[in-house]
Structure formats: C-alpha cells, structure tokens
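Peer 1: My questions concern the predicted model and sequence given below.
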Amino acid sequence: MNQRQLQPTIDDVREIANQVSNWGRWGPDDELGTLNFLTPDKVAAAAKLVRRGDLFSLAVPFDENGPQRGGWGRFNPIHLMMRDGNDAITGTTVRDFYGGFDGHVRGTDDLIIMPLQSGTQWDALGHMVFEDKIYNGYEASQVSSLGALKNDIAKAKEKLIGRGVLLDIPRWKGKDWLEGGEAISGEDLEGCANDQGVEVRTGDIVLVRTGRMGRVKAEGDWGDYAAGYSSQAPGLGLASAEWIHSKQVAAVAVDTWGAEVLPTEPSDVSMPMHIILIVHMGLTLGEIFDLEDLAADCAGDGVYEFMFSAPPLPITRAVGSPINPVAVK
C-alpha cells in the first residue's frame, strides 16, 4: 500500500469528485442534481410500501436544548412569544391587533430565530463551495448576500418524497454505535443492505444510521456531537462515494452533525465528502436525523424500506432547510 492510499490528500478528493461528477448530466441549467432520479413513478411506487400506517418522525426537537455549540456560528433555535396568554387575559394587545373587535376572540403568536441548519435539515446544492464553484459548475458568486441565486433549497420543494431505505450499520456490525473516526465504506453499505435483505434502487432516499444519536441519548448529553470537524464522529468515508454514485440514489441522510467521518480522512482538506457529494455529485445531504425508533422497528419486523416524506420548506434562496422527516410503514 503506498502513502497515497494510507493518507488521502486533496488530490484524491479531486480524483473521486471528477469520477462521480454529475455536472451537465441533466443539462447546463440543472439545479436539482440527483433529485432528478426521483421521478413520479418512484413516488407512486413508494406509496405502495405503506402497510401498517405507522409513522416515525426522524427529527430532533427544535428548541434551546439542541446540539449546537456555536461551531460555524450555529446556535440552537430561539423561540419567542409575540403575544401570549397573559396578553389575552389583560387585553394588552387586543387594542392593537383586534381594533374594532369586542375582545372575545383573542390569540397567541410566536416566532423563531435559528440558523436553518441548526437541527434536522437538508443541505442544499448551493451550500458548499469548492475551488470557486458550486454544483453544476455555477460560480460561487451565485450565492450572494441575497442568498443562493442558483441551487437554493426551494428548488426541491416538490421533491424528497419517495422510497426510503434504512441502512443500520452498527446493528449489522453487532454493536450499539460506531466509534468516533470510524469511516463507512461502499462495501459496508452494500454488505449491510444485503444482510438486511433490502435492495437500494435508483431514486431511493438512503438513511444511514451510525448510532451517534443513540449514544447521545444513552449518555444524556450532546457532548461534542456538533463540535465541528475537530470532533470524533463516525460517518461516510471517501470509499462510500462511488457506491452512492453507482446506486443513483436521490438523497442521503445520516444521524450525525456532518454526515461524513470526523476527523476527515485527508489531512489537507476539511469536509471532503461534502465537496464530492454536494458540489460534484449534486446530492442533497441530510444531517442530524434521529433514526433510533425507526431502526428498532425495522429490526423488529425485518422491513427496511418504507415511504419517506421530507420536502424542505420553500425558503427562497436558502442553502438549507429545517425539516420534520417522516417514515411511513
């Protein structure tokens, strides 16, 4: 094994990115990337997977107790009341909000302040920049102070509903969770799918469980879950990229803060899988998914496919979106 194989570099990232690149695959104006694989017939087929009508929310609560610790400037959601019950009782806001009314009808209102990627969320194709480009070769300047003029998350507002497949890597390996720094390869993903008896198909939305969320729950603390790329976390390694590309999946979501293994495998570039998957492959990437209850149910009935629904909020020019993903079995 040569040194390049032992320690990947930015050159390896470029090589893999070029091998799996989808730039121009759906034309020079494309802003959907691999979501193009999720066609109406795929959605219709996914609806037939519903047998019991049981629903599993895969979102973490959006509140002050979330995982963020300030890395990359991200903080947990701040929830504020604009009008509360006391206002209703005392009539504080009745005059302003219900001018000519008699006061019988009163209500409450609230607002939330949050980075769009502080909880369970999708990364849009305009989220990552590599060598001054975003997905499909658009200039990085297309993401300006106005937001993403190209590759914003709103382009996916009628996507991300289809066949979901859970790949439970730690259960397949016979343990509760993967350790920090443990990379998931394409062989792992294929071996897990085969052992679970599920086939990953074109247009699928693949959910990859590392058990990191289960570890947080067992320890009762977020710890360094969102500490950034200096932390230790399991996740997708460089050796998973070609498998993801070959399967023509629509999207991938993971139960960790950054989806990819941390520390990152090359020492000279951070977030290499984001470069490969988002910038070059055009893959919509999900993070901070809670897959624990779904994984337990799949292990119980042996069914690892389901209808999956998680369209983003159509926030104009946004590079990410909070979501409440739901698996329906």
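Peer 2: Perfect, I can see it now.

Peer 1: going forward, measure contacts between C-alpha atoms and count neighbours the same way
Peer 2: Noted.

Peer 1: pLDDT below threshold where in the stretch 201-329 of the chain?
Peer 2: Across the stretch 201-329 of the chain, residues meeting the criterion (pLDDT under 70) sit at 228-230.

Peer 1: Now do the helices in it.
Peer 2: Secondary structure of the stretch 201-329 of the chain (DSSP state H, counting those that start in this stretch): helices located at 212-219, 241-247, 272-274, 292-301.

Peer 1: Reformat those as a markdown table; add mean neighbour count and distance to Gly286.
Peer 2: What follows is the helices of the stretch 201-329 of the chain, written out as a markdown table (neighbours: other C-alpha atoms under 10 Å; distance: least, C-alpha to C-alpha, whole Å):
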| stretch | mean neighbour count | distance to Gly286 |
| --- | --- | --- |
| helix 212-219 | 17 | 14 |
| helix 241-247 | 17 | 14 |
| helix 272-274 | 25 | 11 |
| helix 292-301 | 15 | 16 |
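
Peer 1: mind putting the ones you listed in TSV, distance to Gly33 included?
Peer 2: Rendered in TSV, the data for the helices of the stretch 201-329 of the chain read as follows (distance: least, C-alpha to C-alpha, whole Å):
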stretch	distance to Gly33
helix 212-219	28
helix 241-247	12
helix 272-274	14
helix 292-301	27
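
Peer 1: Go through those helices and name the closest to Ile205.
Peer 2: Ile205 lies closest to helix 241-247 among those, at 10.7 Å (C-alpha to C-alpha).

Peer 1: Which strands or helices does the closest one pack on?
Peer 2: In terms of contacts (3 or more C-alpha pairs under 8 Å, 6 or more residues apart in numbering; DSSP states H and E), helix 241-247 is packed against helix 10-20, helix 186-196.

Peer 1: per-residue confidence averaged over the next helix or strand after the first one?
Peer 2: Read it as helix 10-20. As assigned by DSSP states H and E, the chain's next helix or strand after helix 10-20 is helix 40-47. For helix 40-47, the mean per-residue pLDDT is 98.
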